[in-house]
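> Coordinates for the following, if possible.
(one chain, ligands or ions: 2)
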Amino acid sequence: MYKPKDSSQSPRFCGVRTFMRLENIKTTDNVDFVVLGVPFDTAASNRTGQRYGPQHIRNFSVLLRPYNPDMDINIFEYCSGVDYGDIDVIPGNALRTYDNIVKELLPLLEKNIVPIIMGGDHSITLGNLRAFYKHYGPVALVHFDSHGDTWDHYYGEKYMHGTPFRRAVEEGLLDVDHSIQIGMRGPLYSADDIEDARRLGFEVITMKEVRQIGFSEVMKRIHKRVGDKPVFVSYDIDFVDPAFAPGTGTPEVGGPTSYEALEYVRGLDGLNIVGFDLVEVLPAYDSGEITAVLASAIIYEMITLVALKKRRSLQKNLSATTTQ
Ligand code: MN
Ligand code: MN
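Ligands and ions are numbered 1, 2, ... in the order given. Next up is the predicted model:
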């Protein structure tokens, strides 16, 4: 079992920074989840610097502790995880970067390990979905973002951070009838932009609708839409209001608070989640490290979901043996 260093024994500011002080080992043995970085940012349409996102998140994550009181679970009693380090990206070449992502993720998926991927700009999610498709076939998607990222191109370029979900549909990577986008807001290029995403097959809950129907109704709609399908969760940090997450490339005001940002992850408990990414953290625009504080907490809640799922399956096995 791989678990974080005990910060009551070894001060948390000591040592080389890994996510949550997990061991930095590239192993697929006895591991339930891996945290890994994809520091690619040359498909961003506005500010760049998301390549420094993974290390920025790691730097702050040393403060995390193993017991999650909100979900009442001591994560590492149930699961084991490592910091896998970063995937080698090819700056300026999204397609070759996707090839590297697929090559690194596939061996993890083959062993039912849940990858938790830190971007990078949002273009990397297409590489992630290509890997998941190879192992699972089309997967459902839960996508938190202030943007739909279903535009066709920028400057004629097809593989940008605002296009991954259109490409994913075109490539048949998604079980789009079970996919949903949440949080869209801010000025668009045209009135068609959100309808376009719906035409591609996504259910879309804009931020305005989120405010109208409220958190529990949003979660109900997510669970109903996804059902028991294997699902990939893609979380763009700009889903959150820039007052709580200023360190990002294309901020949009009028978003959720940091508390709500965590609740949306906790509310996913019970889904059959096979992987996560958290993208678009851009340290150069962060302020007082608050984006890193939130990003590390979001990933912590993602790891918690892995532990909760593992606990459920252990309990199921246990009750199966006792009733025999
Ligand atoms: Mn995005
Ligand atoms: Mn976005």
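> which non-adjacent residue is nearest residue 286?
Excluding its sequence neighbours, the residue lying closest to residue 286 (C-beta to C-beta, 6 or more residues apart in numbering) is residue 247, at 3.0 Å. All C-beta atoms are positioned from the backbone trio N, CA, C, and that covers glycine.
> Check the separation of the first and last residues in stretch 108-117.
For stretch 108-117, the separation between the terminal residues is 12 Å (C-alpha to C-alpha, to the nearest Å).
> Up against ligand 1, what does the chain have?
Listed as neighbours of ligand 1 in the chain under the rule C-beta under 5 Å from the ion: 122, 145, 149, 236.
> switch the cut-off to 6 Å
The chain comes close to ligand 1 at residues 122, 145, 147, 149, 236, as judged by C-beta under 6 Å from the ion.
> ok, and the most crowded of these?
Highest neighbour count within these: residue 122, with 29 neighbours (other C-beta atoms under 10 Å).
> secondary structure class for that residue?
At residue 122 the chain is in coil, as set by DSSP: H, G, I helix; E, B strand; the rest coil.
> quick one: contacts for it?
Residues near residue 122 by C-beta atoms under 8 Å, 6 or more residues apart in numbering: 145, 149, 161-162, 164, 234, 236, 279-280.
> same check, this time on residue 46
The contact partners of residue 46, by C-beta under 8 Å, 6+ apart, come to 249-250.
> try the one 5 residues further on
When contacts are counted by C-beta under 8 Å, 6+ apart, residue 51 is found next to 39-41, 89, 91, 120.
> Identify the farthest-apart pair in the contacts of residue 122.
Comparing every pair within these by C-beta to C-beta identifies 162 and 234 as the most remote, at 13.4 Å.
> And those two? Which one has more around it.
The neighbour count for residue 162 versus residue 234, taken as other C-beta under 10 Å, is higher for residue 234 (27 against 23).
> From residue 98, how far off is the more buried one?
From residue 234 across to residue 98, the span is 15 Å (C-beta to C-beta, to the nearest Å).
> And the average pLDDT for the helix or strand that contains residue 319 is what?
Assigned by DSSP states H and E, residue 319 falls within helix 290-322. What helix 290-322 shows for mean pLDDT is 95.
> And for stretch 144-163?
Here the average pLDDT along stretch 144-163 is 98.
> Stretch 35-45 too?
Throughout stretch 35-45, pLDDT has a mean value of 97.
> tell me how far the ends of that stretch are from each other?
Termini of stretch 35-45 sit 26 Å apart (C-alpha to C-alpha).
> Would you indicate which residues of it are buried?
35-45 (16 or more other C-beta atoms under 10 Å).
> Just give me the closest of those to residue 298.
Among the buried residues of stretch 35-45, and counting by C-beta to C-beta, the member closest to residue 298 is residue 35, at 11.9 Å.
> count of neighbours near residue 246?
Neighbour count for residue 246, taken as other C-beta under 10 Å: 18.
> What strand or helix carries it?
Residue 246 belongs to no helix or strand, assigned by DSSP H and E.
> now this protein, which segments are flagged as low pLDDT?
Counting by pLDDT under 70, the ranges of the chain that qualify are 323-324.
> how near is the most centrally placed residue in it to residue 271?
In the chain, the residue lying closest to the centroid (C-alpha atoms, centre = their mean) is residue 277, at 2.4 Å. Shown here: residue 277 relative to residue 271, a distance of 15 Å by C-beta to C-beta.
> just residue 209 next, same as before
Distance, residue 209 to residue 271, by C-beta to C-beta: 21 Å.
> in which helix or strand would I find whatever residue of the stretch 1-150 of the chain ends up closest to ligand 2?
Per C-beta to the ion, the residue of the stretch 1-150 of the chain with the smallest distance to ligand 2 is residue 147, at 3.8 Å. Applying DSSP H and E as the criterion places residue 147 outside every helix and strand.
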